[in-house]
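Novice: My questions concern the predicted model and sequence given below.
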Amino acid sequence: MTTVAKTSEQAPDRIAVIYGNREHVETYGELEERSRRMGHVLRSWGLEPGDSVAALIANDDCFFDLFWACHRTGLYLTPLNWHLQRDEVQYIVDNCDAKLFVAHERFAEMASAVKDACPGLTVSASVAGELPAFAALKTPSRQCRPTDRSRISSRAR
């Protein structure tokens, strides 16, 4: 059982992640639900424990969903820095033997070029928008709510 799963059972309304400039929060219960659903999608695409996933995504909520979905299903996640050049991203995707390449729509041009240059990929998916020839990796819509600052510990501020 993952840390998220344990905490979501014990304190589902406890804050797990604060996004942006503390504008929105996500609870452990919400993170558990979305990462579990995403994990089921990954498995339905034929990914098995030990397979690798490369991700070229922005620093937002979809990263946490993907991270925990991979963790719970036994997949290795290789996050890719969006500042890298196309050849560097392609090298890393090839080198980690990624079966799945996940990309944010913000990086559409680079993602399409990398996808076409990496024959070992079995699935390519987009988050936060649509990319041509990429499957949509969707999570249940997040009902972000304004941060209740009284719920945030002084450590998180």
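Specialist: Structure's in. What do you need? Treat the numbers as computed from the prediction; the structure is a model and nothing was measured. Numbers count the residues shown, from 1 in each chain.

Novice: quick one: the helices in this protein?
Specialist: Using DSSP state H, the helices assigned to the chain run over residues 3-10, 28-44, 61-73, 86-95, 108-117.

Novice: Residues in contact with the second one: which ones?
Specialist: Read it as helix 28-44. Applying Cβ atoms under 8 Å, 6 or more residues apart in numbering, the contact partners of helix 28-44 are 4-5, 7-8, 11-17, 53, 64-70, 72-73, 75, 100, 137-140, 142-143. (Each C-beta comes from the backbone N, C-alpha and C, glycine too.)

Novice: Next: stretch 86-95.
Specialist: By Cβ under 8 Å, 6+ apart, stretch 86-95 touches 54, 56, 78, 80, 84, 101, 110, 113-114, 117-118, 120-121.

Novice: Quick one: buried ones out of those residues?
Specialist: Among the contacts of stretch 86-95, those scoring as buried are 54, 56, 78, 80, 101, 110, 114, 118, 121 (criterion: 16 or more other Cβ atoms under 10 Å).

Novice: quick one: contacts for Ala111?
Specialist: 56, 101, 103-104, 124, 126, 131, 134.

Novice: Just the terminal-to-terminal distance for stretch 42-55.
Specialist: Length of stretch 42-55, first residue to last, Cα to Cα, to the nearest Å: 13 Å.

Novice: what residue lies at the spatial centre of this structure?
Specialist: Leu66 (2.5 Å; Cα atoms, centre = their mean).

Novice: what residues are up against the closest residue to it other than its chain neighbours?
Specialist: Distances taken as Cβ to Cβ, 6 or more residues apart in numbering place Ala55 nearest to Leu66, at 5.9 Å, with adjacent residues excluded. Neighbouring residues of Ala55 by Cβ under 8 Å, 6+ apart: 63, 66, 77-80, 101-103.

Novice: Just checking, which of those comes out lowest on pLDDT?
Specialist: Among these, Phe63 carries the lowest pLDDT, at 86.

Novice: my guess is that residue contacts Leu56, does it?
Specialist: No. The pair Phe63 / Leu56 is not scored as a contact, 10.8 Å apart, by Cβ atoms under 8 Å.

Novice: Can you list the low-confidence ranges for this structure?
Specialist: Of all residues in the chain, those with pLDDT under 70 make up the ranges 1, 21-23, 139-157.
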